[in-house]
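Participant: what shape does this take:
(chains A and B)
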2 protein chains.
Amino acid sequence: MTIAMPSTVYRSRDLVEPALRAAIARLDDTSRHVASYHFGWVEADGRPTEVGGGKALRPALALLSAQVATGAAEVGVPGAVAVELVHNFSLLHDDVMDGDMQRRHRATVWAVWGTSTAILVGDAMLALAHQVLADAGTEASTGAQALLGAATQELIRGQLADLAFEQRPSVTVTECVSMAADKTGSLLGCSAAIGAVLGGAPPATVAALQTYGEQIGLAFQLVDDLLGIWGDEAVTGKPVGSDLRARKKSLPISYAIGSDTVAGRELAGVLGCDADLTDDQVAAAAGLVEAAGGRGWARQEAQRRLVAACRVLDSVVIDSSVRDELVALGRFIVEREQ
Amino acid sequence: MTIAMPSTVYRSRDLVEPALRAAIARLDDTSRHVASYHFGWVEADGRPTEVGGGKALRPALALLSAQVATGAAEVGVPGAVAVELVHNFSLLHDDVMDGDMQRRHRATVWAVWGTSTAILVGDAMLALAHQVLADAGTEASTGAQALLGAATQELIRGQLADLAFEQRPSVTVTECVSMAADKTGSLLGCSAAIGAVLGGAPPATVAALQTYGEQIGLAFQLVDDLLGIWGDEAVTGKPVGSDLRARKKSLPISYAIGSDTVAGRELAGVLGCDADLTDDQVAAAAGLVEAAGGRGWARQEAQRRLVAACRVLDSVVIDSSVRDELVALGRFIVEREQ
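Facilitator: Numbering: from 1, shown residues only, chains lettered A, B, ... in the order given. Coordinates of the predicted model:
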């Protein structure tokens, strides 16, 4: 079953992309060109493209968040641009660190222009995120900056933990969930709250939206990790079983290894050896993750996080049509296939 | 002749270092440890050190800038911490890009912990700079954020140009000065203005201080480039003639190559070949830079920038004791030997 992208996402693209393009236009020639490539607006040689950008979930959350506070999505636009810039700064730097050559079916920035350019253009995007909020120039935008800064620090802490995990033979599920909360949950939590902060919503509303976003973020990561094992290469753009091949300690894999089952111990043995895995071994390892309960747990956990996210919205007064959109976005995140 | 560090610098360290340490204490465990090493507060294994940090010229400028506006240096502290964080974020990333193994007589962060950690801790410092200003939470701090964001973008543009120059056979002096203005001038200009912004100084005063800092910044870079050829290794911590060995297109070298002299053409030939330079060849190349006028030009140009910096201070009303300190700081920058 394929679930359609909620209309919220398309609508937010229409509202946010011009502001994002205007922000990127402020960068120096090199950074502007490289960032425009990264966002899917141009080819590496500068020709325009119709590839389209990423899912832009964070901007959609930021606009819905502003609607909660003020009824008007527009108030959230600087926040939407800022979170999208921080997300993409982290993608540029992560691709350098992970050595990933492809993203969204295209060569990564460092693969085209080298690591130094990828580092610097990432830096430029991070600084630009704060410039966009500073330009809003309101008291509320200072609060938005504090929120975004804190989320960026958690994102960095999560990436540091992810890299440290690579050096370790095993990682507990608790450690893995904590890392995902930092690396993915924090920026989605910030996205879901930043519009409300810009719109001057009361602290309880901001806190509820942030928790909603954090829970959705964990659900997002669980689904991402499932797709990293069982995703369709034609849809996700990543080779089947890529996380197993890379011996990534993703959530379902960590669960399976820590499951104290025969399959879990066998999986630990397979992933513990140094040799490259054959296609048959990858398929067998995926079977072991499932047999050890990793697939079922991750699916249930994603659903549980979605339910928790939606429940927290009931704790505050939110217009029912906006709530419906937040719930639909959460469902899309959990049920998506890419 | 050795010129002593102005007392302003020591005084500003006393005021700024506790705030800088408090900011760094907010980072995650890894970033905090790595940043504390980078700032010279601890050894790589965590033992305390008495090495002391860098020159901390930028914080000193930020505090003097606040004194211009309000008479009180304290108002400039968040700005001083922010510019020092941005400066050090750029050092961490530059060392990765340039492959430099040593800084201030110590192993660089990437040389100790790897490039990924150096990238992430640099990112954490950049985000932290904006958090520190956001925490100040005043209308003026929003202006300070805009100023800092713009300086960061120019710094990045300068580093991109520097990297691009490495791929080119020659660079004009004009291009080289423009790159130095971006890479060094902009953040010193920001440092010299950010305290005044935080203190609510009138725009003309802010603009004059920024120009003063930009000119001082160019003088700083010219002296740095002279030390990169003729500096005393025991003092600078860099091997004699390191910029010549690295075939860096520094300001005096670019001037010499573009000088249309016999020595300049000979220098271009020496630096244009691929083989590693021997000590004798480095010494000969330094002689060619001098014979082609590069050393004299850079010295004069640094003096000229210092005079221009001091002159612009005359265009606005500044307490004479603060002006004297700004002038002394400028003189120190031009006459220093490390």
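Participant: now do the strands in the stretch 101-250 of chain A.
Facilitator: Under the criterion DSSP state E, counting those that start in this stretch, strands of the stretch 101-250 of chain A are mapped to A:102-103, A:106-107.
Participant: tell me which residues are up against the first one.
Facilitator: With contacts defined as CB atoms under 8 Å, 6 or more residues apart in numbering or on different chains, strand A:102-103 is touched by A:91, A:95, A:108, A:111, A:237, A:238. All C-beta atoms are positioned from the backbone trio N, CA, C, and that covers glycine.
Participant: rewinding a little: which of the strands of the stretch 101-250 of chain A sits closest to residue A:129?
Facilitator: Between residue A:129 and those, the tightest spacing by CB to CB is seen for strand A:102-103, at 19.5 Å.
Participant: the nearest residue to residue A:201 once chain neighbours are set aside sits in which helix or strand?
Facilitator: Residue nearest to residue A:201 in three dimensions, not counting chain neighbours: residue A:69, with 3.7 Å by CB to CB, 6 or more residues apart in numbering or on different chains. Using DSSP states H and E, residue A:69 maps to helix A:57-70.
Participant: helix or strand next in line after that helix, which one?
Facilitator: With DSSP H and E, the next secondary element past helix A:57-70 is helix A:77-98.
Participant: what comes up buried for stretch A:234-250?
Facilitator: A:236, A:238, A:240-250 (16 or more other CB atoms under 10 Å in any protein chain shown).
Participant: please apply the same query to stretch A:133-152.
Facilitator: A:133-134, A:136, A:140-152.
Participant: contacts with chain B among those residues, please.
Facilitator: Checking the buried residues of stretch A:133-152 against chain B by CB under 8 Å from any CB of the partner chain, the ones in range are A:133, A:134, A:141, A:142, A:143, A:145, A:146, A:149, A:150, A:152.
Participant: TSV please, covering the residues you listed and showing pLDDT.
Facilitator: Shown next, in TSV, are these (pLDDT from 0 to 100):
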residue	pLDDT
A:133	96
A:134	94
A:141	89
A:142	91
A:143	93
A:145	95
A:146	95
A:149	98
A:150	98
A:152	98
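Participant: including distance to residue A:314, could the residues you listed go into JSON lines?
Facilitator: Formatted as JSON lines, these follow (distance: CB to CB, whole Å):
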{"residue": "A:133", "distance to residue A:314": "30"}
{"residue": "A:134", "distance to residue A:314": "35"}
{"residue": "A:141", "distance to residue A:314": "29"}
{"residue": "A:142", "distance to residue A:314": "30"}
{"residue": "A:143", "distance to residue A:314": "25"}
{"residue": "A:145", "distance to residue A:314": "30"}
{"residue": "A:146", "distance to residue A:314": "27"}
{"residue": "A:149", "distance to residue A:314": "30"}
{"residue": "A:150", "distance to residue A:314": "26"}
{"residue": "A:152", "distance to residue A:314": "30"}
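Participant: okay, and which of those map to helices?
Facilitator: A:133, A:134, A:141, A:142, A:143, A:145, A:146, A:149, A:150, A:152 (DSSP state H).
Participant: and residue A:232, what's its pLDDT?
Facilitator: Listed pLDDT for residue A:232 reads 81.
Participant: and if you look at the one 3 residues further on?
Facilitator: Reading off the confidence values, residue A:235 has pLDDT 73.
Participant: could you do residue A:2 as well?
Facilitator: Listed pLDDT for residue A:2 reads 57.
Participant: residue ranges in chain A under the pLDDT threshold?
Facilitator: Scanning chain A for pLDDT under 70 picks out A:1-3, A:51-54, A:237, A:338.
Participant: so which residue is dead centre in it?
Facilitator: residue A:184 (5.2 Å; CA atoms, centre = their mean).
Participant: report the distance from stretch A:247-261 to the chain centre.
Facilitator: 21 Å (CA atoms, centre = their mean, to the nearest Å).
Participant: ugh, wrong one, I meant stretch A:192-204
Facilitator: Distance, centroid of stretch A:192-204 to centroid of chain: 21 Å (CA atoms, centre = their mean).
Participant: may I have the distance across it, first residue to last?
Facilitator: End-to-end distance for stretch A:192-204: 13 Å, by CA to CA, to the nearest Å.
Participant: burial count for the spatially closest residue to residue A:163 that is not a sequence neighbour?
Facilitator: In space, and not counting its chain neighbours, residue A:163 is closest to residue B:116: 5.4 Å by CB to CB, 6+ apart. By the measure other CB atoms under 10 Å in any protein chain shown, the count of residues near residue B:116 is 20.
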